[in-house]
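# model this:
(chains A and B)
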Amino acid sequence: MSGDVCIVGIGIHRFGRTDGLSGVDQGVYAVREALADAGVEWPQVQFAYGSSDAAGNPDSMVDRLGLTGVQFINVRNGCAAGGSALFSAQMAIKSGEFDLGLAVGFDKHPRGAFNALPSEYNLPDWYGEVGQMVTTQFFAAKIMRYMSLFGISQKTLGMVSEKAFRNAVHAPHAWRRQPVSLEEILEAPLVSDPYTKYMFCSPAEGGVALILASEKKARELGKPLIRLKAATMRTRPPASFEVFAPSVDVVADDTRPRGTASRIASADAYRLAGIGPGDIDVAQLQDTEAGAELMHMAENGFCADGEQEQWLAEGRTEINGALPVNTDGGCLACGEPIGASGLRQVYENVVQLRGDGGGRQVPNSPKTAYSHVYGAPGVSAVTILER
Amino acid sequence: MKAIAEGLFTDETPARLIGGKDRETGRIVFPCPTASTYEPVPLASEGTLWSYTVQRFRPKSPPYAGPEAFAPWVVAYVELPGQVIVEARLNDVAFEDVKVGMPVRFAPSPLNPDLSDSPYIPAYVPAGGAA
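This is a model prediction of the structure:
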């Protein structure tokens, strides 16, 4: 295939809680919206990759969309599920086998924290019995270590959440769209120190669909060319610190941050796109907790470890800042339906590159956009878009 | 003292945690895997706090098997120098006094302090003058 893989259609079902609609329903809604946006009909779609963690098999949606015999492959890959679906879809087009396809993700999780069992993670039962099978413990301990090494304050964590809810006011697909003051965020009950309840995202519901096309097909459709310059998915390196870890390796120099799947996926994405972090105009970074956004700014190359305190103080990650981050409020304001979350980031980036962001539009016509997810048990997926 | 699982603590007094040493690479992990490629080794009794948080809500049951009545506890990652970093509770310390880098000592504690036959779980307490 010559040219780039392009995103020619986007659709989303509002994130949050939608009683009466299944996860598949929300996925179908998003697909129909994306088809209409691309100006194509379902029978033209040659293949699909679908991701869902807890809401059933994505391919079951063919009885709603039409029994065209389309190739439809289900993807389960933890928090990188959506990114993995997108990666696979772009490879199908890059191979030259297809020129129009779908990546769709949706989910619907029960209320409250994710409730994992030790046996699902190859851990002994006692690990859960003592009360350590709790994801929030890990994320809190991870930022606590990072804060002690690099001088990040709890106030800066609060500023990340404040920005998320403020941006989400202008994002119709977001869940929590009321601004929350920094004072209220900091004084809210602690869930797991140093995080208060406003600094963690919640499991949620939602659906996102993207229609991908070869560059030739995208030109035929007459769509603005949003090019997928890189889509990478990577797993963890040795000695990384991950969720549900009864032990962590000791390392010779522990004053620097450890290697992560995110660093690997990010470096490879820049290499594939032929650009660097300084060339990115807008970024959606995994922010399942406020500190994650800060650590991921560094892991994805946007700043040095410890510079986040100053970046936030100067407003550099605001909509009108040097590098707007999580322009739709991210996971903090949208919640995290695992199968859909990574695709939401790409959806938001397409909105921004098209200039359709309304009250949350990044000024000066952004030309490059970056997305990043990270999750258990040490997986990460990154995309870079250009127009 | 009965450990919450077989193979977690040594039989000696005071007990130590048992880790697993990869017979090929020498890498130490905790707990000791059942695979024959790992050799059980006692872990150091003293270490330093690598990171921590406070568990502020009662975890869901199952899998949590602690008492219905809930009191927050410190979740600690303890670095045992040259061996491994292990996850356990940190007891006998006020939350505001917990600091990364503080010295700690292994001291298993009952999962349910109100039961005389409660199983014991991996835990540490401040060591030396740090308390």
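
# in chain A, what residue is nearest chain B?
Residue of chain A nearest chain B, by Cβ to the nearest Cβ: residue A:128 (2.6 Å). For the C-beta atoms, the positions are set from N, CA and C on the backbone; glycine is no exception.

# Surely that residue is in contact with residue B:60?
No: counting by Cβ atoms under 8 Å, residue A:128 does not reach residue B:60; the two are 9.4 Å apart.

# out of these two, which sits in the busier spot?
Neighbours per residue (other Cβ atoms under 10 Å in any protein chain shown) separate residue A:128 from residue B:60, with residue A:128 holding more: 26 against 17.

# What are the contacting residues of stretch B:62-72?
Contact with stretch B:62-72 is made by A:117-118, A:125, A:127-131, A:133, B:54-59, B:95, B:111-112, B:114, as judged by Cβ atoms under 8 Å, 6 or more residues apart in numbering or on different chains.

# repeat that with 7 Å
Contact partners of stretch B:62-72, identified using Cβ atoms under 7 Å, 6 or more residues apart in numbering or on different chains, comprise A:117-118, A:125, A:128-129, A:131, A:133, B:54-56, B:58, B:111-112, B:114.

# Just the buried subset of those residues, please.
Neighbour counting with 16 or more other Cβ atoms under 10 Å in any protein chain shown marks A:118, A:125, A:128, A:129, A:131, A:133, B:54, B:55, B:56, B:111 as buried within the contacts of stretch B:62-72.

# for chain B, what are the nearby residues on chain A?
A:115, A:117-118, A:124-126, A:128-134, A:137, A:140-141, A:144-145, A:148, A:190-193, A:245-250 (Cβ under 7 Å from any Cβ of the partner chain).

# any idea how far residue A:167 is from residue A:367?
With distances taken as Cβ to Cβ, to the nearest Å, residue A:367 is found 20 Å from residue A:167.

# Write out the residues of chain B neighbouring chain A.
Proximity of chain B to chain A, by Cβ under 7 Å from any Cβ, involves residues B:4-5, B:27, B:29-31, B:50-57, B:59-60, B:62-66, B:75, B:77, B:79, B:82-87, B:100, B:111, B:121.

# The residue in chain B positioned nearest to chain A sits in which helix or strand?
Using Cβ to the nearest Cβ, residue B:63 is the residue of chain B that sits closest to chain A, at 2.6 Å. Residue B:63 is located outside every helix and strand, with elements delineated by DSSP states H and E.

# Identify the residues contacting the closest residue to it other than its chain neighbours.
In space, residue B:63 comes closest to residue A:128 once its chain neighbours are excluded; the distance is 2.6 Å by Cβ to Cβ, 6 or more residues apart in numbering or on different chains. Residues in contact with residue A:128 (Cβ under 7 Å, 6+ apart) are A:117, A:118, B:62, B:63, B:64.

# sec struct for residue A:128, please.
Classification of residue A:128 by DSSP: H, G, I helix; E, B strand; the rest coil places it in helix.

# Flag the shaky bits of chain B, pLDDT-wise.
Filtered on pLDDT under 70, chain B yields the residue ranges B:129-131.

# Let me see the ranges of the strands in it.
B:18-22, B:28-29, B:38-42, B:46-55, B:73-80, B:84-90, B:103-106, B:109-110, B:120-121, B:123-126 (DSSP state E).

# Output the contacting helices and strands for the last one.
In other words, strand B:123-126. strand B:84-90, strand B:103-106 (3 or more Cβ pairs under 7 Å, 6 or more residues apart in numbering or on different chains; DSSP states H and E).
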